[in-house]
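*Asks:* Sequence first, predicted model second:
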Amino acid sequence: MSLPLTVVLRAGRTLLLMLLAATGTILLVRFAPGFFSDDREMDARYAQTARLEIQAEADQQHSLRSIAIREVKGWLHGDFGQSRQFQVPVAELVGARLRVSAILLSKGILLGWLLAICTALPISCLRKGGVVWGLPFTVLLAVPTAAMATACILAETGGPVLVLSLLIAAREFKFLRSLLGAAWRSQHLLQGRAQGLAPLALVRMHILPNVAPQLYALTTLSIVTALGAFVPIEVIFTVPGVGQLAWSAVMNRDLPVLVAISLLMACIVGLAGMLSAREFTLEAA
Amino acid sequence: MTKRMPAAALLLLIASAALTLMFSRYDYAHQDRDAIMASSSEEHSTGTDELGRDRTVRVAAALLVGLTGATAAAAITTLIAACFGLLAAFSPRSIAIVLLFVSDLFLSLPWLFLLMMARSLLPLTASPVETAVTTFLVLAALGWPACARAIYRGAVQLRYTEWMIYGHACGLRTQQLIRLHLLPHLRSLFLPQFLICVPAFIVAEANLGALGLGVGEPLPSWGAMLLELDNSALLARSHWVYLPIVLLVVVLLILESFSSEGGTNA
């Protein structure tokens, strides 16, 4: 398949993913209990007739069709509608927090990968004892993100970046170890070692170029893992990022914010998937 | 041999938890108002929480609730994944593409975010047992795509094996082929998928609980027990507050040792 066609297909897939994510969010929130609640209904100053009018107005506005139209108008306008909870444009709300989350995610993923590769590379070439050396990562895998974050707060050590990077490192270490282990055991590498090539040269010239496509695929998975983990991390560490906003929007049924965050997540995942040029599955790792 | 050790440890933990619940003087919801945030004593061997509830009993109940819920959710997920994977493998190509796209959609969106949304949008006035059932059902409903993918790949590989083609040529219907020949061969795939899901669901419940979206109080759960760690006054009084997290890690390590062995065997 030619490159432009692949790019078009993948872009189309990302757009479809975003559309389905937005539709799913609208359906979920629209049918959630408490979605129709309005603060004005609790206000004693409103007469019964006024409350009935408010209710009738809300019924009209809360039909699926009108919600969808309102959302699409917001997207086209560029502000993604008005936040129900904060009464400000969603784009403004998300934009301010996007930078904080982007820094957290990029630092966490980068450090996590660095830790995983630096540990997996020497461990993968060991003939014995790999399981013992990998034990810290096995233990880390068994600790829920929320517990890790709470432990950091209690110990007054580390922060959100450390928790995220440890989580990423623990997840990726397992795959990297088996991937690099298989690479070390391959025939051409044995030949290279027999000819006296230095380990660093082997890694640079033979191992990394061979495992690069699988590494791209694993990076995509890391992004999805990080996007899933950053919500409890931001909530527990009170980081003013998108994850904390998502949690707050979920608790308050803030539909426009939730749709915008779902779109953003689907877009990031779709773009990350586009970056991994070839399709490699987890099984390959 | 290596499988027996973790199995024995897990059984020992379950038996201890069940015996604790059976023979304890206190219920998991019983509040001893004279022993609020108490440290270890004769009456409460591992102390009490901020409402005076016995920690040993609550940890035992959380262990059983977590394991039962996660095991049931993993079984449901594996069943859904098996149905979905087999349907995709034996459907015409166009239907298979649509089905796989649906699983990709679920796979590509962050899991915890989906869980958080689905769980929080459920009834606000549900009883604790209902919230527990709902939480684990949501986990089961969202956890199937990865398993379905693996089962689909396994089923597609087996579908074109010589013995399947031979069975088809002998006049066996697709349902018979699946029931008699395919499912026994796929059993080695179902078990690891199931074993991977159990610890994953326990971790997901703990994370949801820490966000206040897990199993409702007063029913104990790992997530609710983790919230105790936020109480600095409680932490200053007793080190037993750390018991739930230590036990949770031990349980997860045991369960992960099963899944890694299950995966190796498969």
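*Replies:* Yes, it's here.
*Asks:* what ranges do the helices span in the chain?
*Replies:* I went with chain A, as the question did not name one. Here chain A has its helices, by DSSP state H, at A:3-30, A:48-61, A:64-77, A:90-124, A:130-133, A:135-141, A:145-155, A:160-184, A:187-194, A:199-202, A:208-236, A:242-251, A:255-275.
*Asks:* think we crossed wires, I meant chain B
*Replies:* Ranges of helices within chain B are B:4-23, B:55-89, B:93-108, B:111-120, B:128-142, B:144-159, B:162-169, B:174-176, B:183-210, B:222-227, B:232-237, B:243-265, based on DSSP H.
*Asks:* Nearest to A:Met205, out of these?
*Replies:* helix B:243-265 (31.5 Å; C-beta to C-beta). For every residue, glycine as well, the C-beta is placed using N, CA and C.
*Asks:* and the closest one, what does it pack onto?
*Replies:* helix A:135-141, helix A:145-155, helix B:4-23, helix B:55-89, helix B:183-210, helix B:222-227 (3 or more C-beta pairs under 8 Å, 6 or more residues apart in numbering or on different chains; DSSP states H and E).
*Asks:* Redo those helices as JSON lines? Include mean neighbour count, distance to B:Ala148 and mean pLDDT.
*Replies:* JSON lines is the format used below for those (neighbours: other C-beta atoms under 10 Å in any protein chain shown; distance: least, C-beta to C-beta, whole Å; pLDDT from 0 to 100):
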{"stretch": "helix A:135-141", "mean neighbour count": "16", "distance to B:Ala148": "23", "mean pLDDT": "85"}
{"stretch": "helix A:145-155", "mean neighbour count": "21", "distance to B:Ala148": "25", "mean pLDDT": "85"}
{"stretch": "helix B:4-23", "mean neighbour count": "13", "distance to B:Ala148": "27", "mean pLDDT": "92"}
{"stretch": "helix B:55-89", "mean neighbour count": "22", "distance to B:Ala148": "4", "mean pLDDT": "93"}
{"stretch": "helix B:183-210", "mean neighbour count": "22", "distance to B:Ala148": "9", "mean pLDDT": "87"}
{"stretch": "helix B:222-227", "mean neighbour count": "26", "distance to B:Ala148": "27", "mean pLDDT": "85"}
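*Asks:* circling back to that earlier point, deepest of the helices of chain A, which one?
*Replies:* helix A:242-251 (a mean of 24; mean count of other C-beta atoms under 10 Å in any protein chain shown).
*Asks:* Could you find the closest non-adjacent residue to A:Pro199?
*Replies:* A:Cys125 (7.6 Å; C-beta to C-beta, 6 or more residues apart in numbering or on different chains).
*Asks:* is it true that A:Val269 touches A:Val224?
*Replies:* Yes. If you go by C-beta atoms under 8 Å, A:Val269 and A:Val224 touch, sitting 5.9 Å apart.
*Asks:* Return the residues of the stretch 51-200 of chain A in contact with chain B.
*Replies:* In this structure, the stretch 51-200 of chain A approaches chain B at residues A:Thr138, A:Val139, A:Leu141, A:Ala142, A:Val143, A:Pro144, A:Thr145, A:Ala146, A:Ala147, A:Thr150, A:Ala151, A:Leu154, judged by C-beta under 8 Å from any C-beta of the partner chain.
*Asks:* Identify the residue nearest the geometric centre of the chain.
*Replies:* Defaulting to chain A. For chain A, the residue nearest the mean C-alpha position is A:Leu227 (1.7 Å; C-alpha atoms, centre = their mean).
*Asks:* I was after chain B.
*Replies:* B:Ala70 (2.3 Å).
*Asks:* Do I have it right that that residue meets B:Ile202?
*Replies:* Yes. At 4.7 Å, B:Ala70 and B:Ile202 qualify as touching, with contact defined as C-beta under 8 Å.
*Asks:* So B:Trp240 is in contact with B:Met37, correct?
*Replies:* No. Under the criterion of C-beta under 8 Å, B:Trp240 is not in contact with B:Met37, lying 10.8 Å apart.
*Asks:* what about the nearest residue to A:Lys174 once chain neighbours are set aside, distance to chain B?
*Replies:* The spatially closest residue to A:Lys174, leaving aside those adjacent along the chain, is A:Phe137, at 7.0 Å (C-beta to C-beta, 6+ apart). From A:Phe137 across to chain B, the span is 11 Å (C-beta to the nearest C-beta, to the nearest Å).
*Asks:* so who does A:Phe137 touch?
*Replies:* A:Thr119, A:Ala169, A:Ala170, A:Phe173, A:Lys174 (C-beta atoms under 8 Å, 6 or more residues apart in numbering or on different chains).
*Asks:* nearest to chain B, of the residues you listed?
*Replies:* A:Lys174 (8.7 Å; C-beta to the nearest C-beta).
*Asks:* for the stretch 101-250 of chain A, which spans come out with low pLDDT?
*Replies:* A:129-130 (pLDDT under 70).
*Asks:* Return the per-residue confidence for the residue lying closest to A:Leu27 once chain neighbours are set aside.
*Replies:* Counting by C-beta to C-beta, 6+ apart, A:Leu27 lies nearest to A:Leu64, which is 7.6 Å off, once chain neighbours are set aside. For A:Leu64, the model assigns a pLDDT of 76.
*Asks:* Same check on B:Arg119?
*Replies:* pLDDT at B:Arg119 comes out at 67.
*Asks:* who's in contact with residue 26?
*Replies:* Answering for chain A, as no chain was given. A:Ile26 sits next to A:Leu64, A:Ile67, A:Ala68, A:Glu71, A:Leu255, A:Val259 when contact means C-beta under 8 Å, 6+ apart.
*Asks:* Chain B, not that one
*Replies:* B:Asp32, B:Arg53, B:Asp54, B:Val57.
*Asks:* picking up where we left off before, kindly indicate which of the residues of the stretch 51-200 of chain A next to chain B lies nearest A:Thr49.
*Replies:* Of those, the one sitting nearest to A:Thr49 (C-beta to C-beta) turns out to be A:Ala146, at 47.9 Å.
*Asks:* shouldn't the closest one be in contact with B:Leu211?
*Replies:* Yes. Shown here, A:Ala146 and B:Leu211 form a contact pair, counting by C-beta under 8 Å, at 7.3 Å.
*Asks:* right, so of the helices of chain B, which gets closest to A:Val7?
*Replies:* helix B:93-108 (17.9 Å).
*Asks:* which helices and strands sit right next to that closest one?
*Replies:* Against helix B:93-108 (3+ C-beta pairs under 8 Å, 6+ apart) you get helix A:3-30, helix A:255-275, helix B:55-89, helix B:144-159.
*Asks:* looking at those, which is closest to B:Leu13?
*Replies:* Per C-beta to C-beta, nearest to B:Leu13 of these: helix B:55-89, 6.5 Å.
*Asks:* wait, does that closest one make contact with chain A?
*Replies:* No. Using C-beta under 8 Å from any C-beta, helix B:55-89 stays clear of chain A, with a minimum separation of 11.3 Å.
*Asks:* what's stretch A:192-199 in contact with?
*Replies:* Contacts of stretch A:192-199 (C-beta under 8 Å, 6+ apart): A:Cys125, A:Leu202, A:Met205, A:His206.
*Asks:* try stretch B:72-87
*Replies:* In contact with stretch B:72-87 (C-beta under 8 Å, 6+ apart) are residues B:99, B:103, B:136-137, B:139-141, B:143-152, B:154-155, B:178, B:182, B:186, B:190, B:193-195, B:197-198, B:201.
*Asks:* Ok, stretch B:216-223 next?
*Replies:* Defining contact as C-beta under 8 Å, 6+ apart, one finds that stretch B:216-223 is touched by A:144, A:146, B:28-29, B:53, B:58-59, B:61-62, B:65-66, B:126-132, B:202, B:205-211, B:214-215, B:224, B:244, B:248.
*Asks:* likewise stretch B:168-181?
*Replies:* So stretch B:168-181 is contacted by B:Leu86, B:Phe90, B:Trp163, B:Met164, B:Gly167 (C-beta under 8 Å, 6+ apart).
*Asks:* Noted, bye for now.
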